[in-house]
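1. what follows is a predicted protein model with its sequence.
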Amino acid sequence: MILDGQEKPISEELRFQLSIVRRNISRLENMIGNLVEFNRLSSGTARLFEEPVIIGDMLNEALRSVALAAQDKRISLPPEVDFHSRYNLDRDMMLRVFLNLLDNALNYTDQGGEIRFELLETDSSLAIRVRDTGAGIPQDQLEKVFDRFFRANSSNTRRHGGMGLGLSICREILRLHGGEISAQSNPGRGTVFTVSLPASRRAG
Ligand SMILES: Nc1ncnc2c1ncn2[C@@H]1O[C@H](COP(=O)(O)OP(=O)(O)OP(=O)(O)O)[C@@H](O)[C@H]1O
Ligand SMILES: [Mg+2]
């Protein structure tokens, strides 16, 4: 850090404070993005601006956005995705889906945890899974987490000042694309969210 033209090493304490500021900025970015999208989706006039999207490029962009936050929290992210299939998607909307899934995985996973992607393309669909090693979600809440404003009542959730909007937005975006999003969890061991897109969206 440069103060008064003199370069000084920054203390551990300052480094820690900066990492918190950085984390809060990235959370605010996600919240603002969600509010804009929520507004657009609620107006009932949301249209898809479709274009052929290389799935790997979109996932790598989402990874880059959360890289610093993951580093600060010492959670390992998936390696760069090498997957070149193209799908006709609204790029901004689908990016928002993965930003939300990664934001959640980071928030609800403790230090030292791991986030992974799994991709499975078949004749009928493309499934993209986001898997974490976090606190998990109780069985009876696996559907409720997609409701607007629903937040699981755990201390882990309360520690983060979210609005309970992210997953409801994801579900609406997938509905508009003719796809689906669902959750499976093994409480205490982690959660996996599966985003699936119909093969009819494949852009060749
Ligand atoms: N990966 C996950 N692991 C454990 N619990 C999760 C995970 N993702 C979501 N949840 C639970 O589902 C709830 C709803 O998630 P959602 O993303 O809709 O809202 P939020 O993260 O609370 O707030 P927002 O996304 O609007 O900032 C969360 O509050 C949390 O309790
Ligand atoms: Mg969220």
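-> Sure, I can see it. Ligands and ions are numbered 1, 2, ... in the order given.
2. show the average pLDDT along the lengthiest helix in the chain.
-> Of all the segments of type helix in the chain, defined by DSSP state H, the longest one is helix 12-42. Averaged across helix 12-42, the pLDDT comes to 89.
3. what residues of it count as buried?
-> Using 16 or more other Cβ atoms under 10 Å as the test for burial, helix 12-42 gives R23, S26, R27, N30, M31, G33, N34, E37, F38, R40, L41. (C-beta placed from N, C-alpha, C; glycine too.)
4. residues near the nearest residue to the last one once chain neighbours are set aside, how many?
-> So that's L41. Distance criterion Cβ to Cβ, 6 or more residues apart in numbering; nearest residue to L41, sequence neighbours excluded, is E172 at 5.0 Å. A count of neighbours around E172, defined by other Cβ atoms under 10 Å, yields 21.
5. so E172: helix, strand or coil?
-> Recorded secondary structure, E172: helix (DSSP: H, G, I helix; E, B strand; the rest coil).
6. so who does the closest residue to ligand 2 within the chain touch?
-> Using Cβ to the ion, the closest approach of the chain to ligand 2 is made by G166 at 3.1 Å. Residues in contact with G166 (Cβ atoms under 8 Å, 6 or more residues apart in numbering) are N30, N34, N100, D103, N104.
7. isn't the last one right up against L167?
-> Yes - applying Cβ atoms under 8 Å, one finds N104 in contact with L167, separated by 7.4 Å.
8. comparing these two, which shows the higher neighbour count?
-> Comparing N104 with L167 by neighbour count (other Cβ under 10 Å), the higher total belongs to N104, at 26 against 22.
9. what sits against the more buried one?
-> Taking Cβ under 8 Å, 6+ apart, one finds G166, L167, F193 in contact with N104.
10. how about the second one, secondary structure?
-> What it means is L167. Quick answer, by three-state DSSP: L167 is helix.
11. ok, back up a step: what's the most distant pair in the contacts of G166?
-> Taking Cβ to Cβ as the measure, those reach their widest spread between N34 and N104, a distance of 11.5 Å.
12. anything in the helix or strand containing T194 near ligand 2?
-> Taking DSSP states H and E as the criterion, T194 maps to strand 190-198. No - judged by Cβ under 5 Å from the ion, strand 190-198 makes no contact with ligand 2; its nearest approach is 10.9 Å.
13. understood, closing this out.
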